[in-house]
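sequence isn't available, so here's the structure alone:
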């Protein structure tokens, strides 16, 4: 049952369901269909992208935000096959770099599995060509995974950002372990609460990063794209409100200064403040 079942996420519990016709869909790590469940648990499958006549219909049986090692091992353990799709066979995972690490030799390139379909294959830098055994790479990832799991037990903005910073010294910015942190972080920057301009910019940056990845790995209709677009819209709306409020405060401040000036001639205090601000900013003062 576990091999052919679909996981159904309900509000308080996850259950499994058997859908004989849907089980005929082949697996692909970049699927061309999208599935949802109605209120009565009817499985609805829609084309996520334009599908050519004669093209195989595909679904995904694992997590599309996992790296190649993790997806293939999960499929082998749960579905009893090893995927050899175009994404799994590409060292860069279609240029998304979900499994790439920083090269410790040149510091500029990223190491990727030479043969992604061989879990023991050595890693090669895409810049300097250095080789690294899979053994230390796996050990590093297991250590970082433990840290990610620890933070995910009780996530906070500070804890997630600190670990993202630490991971970014070792991993590609799109690495799946960093995405494991930035996905909840995107939600933790809740735009229903007052956020600073820097926090709103950070949330927008995270949303756009996920959209770039979704364009490649979950093209067309997808749950990931819907969630990220919702979060991005929240951030955009909040940023617009922030800008309007800031402009309103600046307008009030300008009107107050005009009233104090009386004749409209600038007072010494305001000029001194402007010169001081210009000097602090390193700009011209007119001297």
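Received, thanks. In this text the structure is predicted, and so the values were computed from the model without any measurement. Residues are numbered from 1 along each chain as shown.

any idea how far residue 181 is from residue 211?
Residue 211 sits 17 Å away from residue 181 when distances are taken as C-beta to C-beta, to the nearest Å. Using the backbone N, CA and C atoms, a C-beta is placed for each residue, glycine as well.

in stretch 15-29, what counts as buried?
19, 22, 25, 27, 28, 29 (16 or more other C-beta atoms under 10 Å).

the residue nearest to the fifth one when sequence neighbours are not counted - how many residues pack around it?
Nearest residue to residue 28 in three dimensions, chain neighbours excluded: residue 58, at 3.6 Å (C-beta to C-beta, 6 or more residues apart in numbering). The burial count assigned to residue 58 is 18, neighbours taken as other C-beta atoms under 10 Å.

OK, contacts around residue 58?
25, 26, 27, 28, 31, 32, 33 (C-beta atoms under 8 Å, 6 or more residues apart in numbering).

equivalent analysis for residue 105, please.
125, 128, 130.

narrow those to those in strands?
Counting by DSSP state E, the part of these found in strands is residue 125.

show the buried residues in the contacts of residue 105.
Buried among these (16+ other C-beta under 10 Å): residue 125.

can you redo the contacts of residue 105 as JSON lines with distance to residue 145?
Output for these, formatted as JSON lines (distance: C-beta to C-beta, whole Å):
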{"residue": "125", "distance to residue 145": "23"}
{"residue": "128", "distance to residue 145": "27"}
{"residue": "130", "distance to residue 145": "24"}
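
so residue 163 sits against residue 146, correct?
No: under the criterion of C-beta atoms under 8 Å, residue 163 is not in contact with residue 146, lying 11.2 Å apart.

of those two, who's got more company?
residue 163 (22 against 9).

ok, and the closest non-adjacent residue to that one?
residue 151 (5.3 Å).

now the helix or strand where that neighbour lies: average pLDDT?
According to DSSP states H and E, residue 151 maps onto helix 134-153. Mean pLDDT, computed over helix 134-153, is 97.

next SSE downstream of that helix?
helix 157-167.

list the buried ones in that following helix?
Applying 16+ other C-beta under 10 Å to helix 157-167 flags 159, 160, 161, 163, 164, 167 as buried.

just stretch 98-107 next, same as before
98, 99, 100, 101, 102, 103.

still on that earlier bit, reformat the contacts of residue 58 as TSV; add secondary structure and pLDDT.
Shown next, in TSV, are these (DSSP: H, G, I helix; E, B strand; the rest coil; pLDDT from 0 to 100):
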residue	secondary structure	pLDDT
25	coil	91
26	strand	94
27	strand	96
28	coil	97
31	coil	97
32	coil	97
33	strand	96
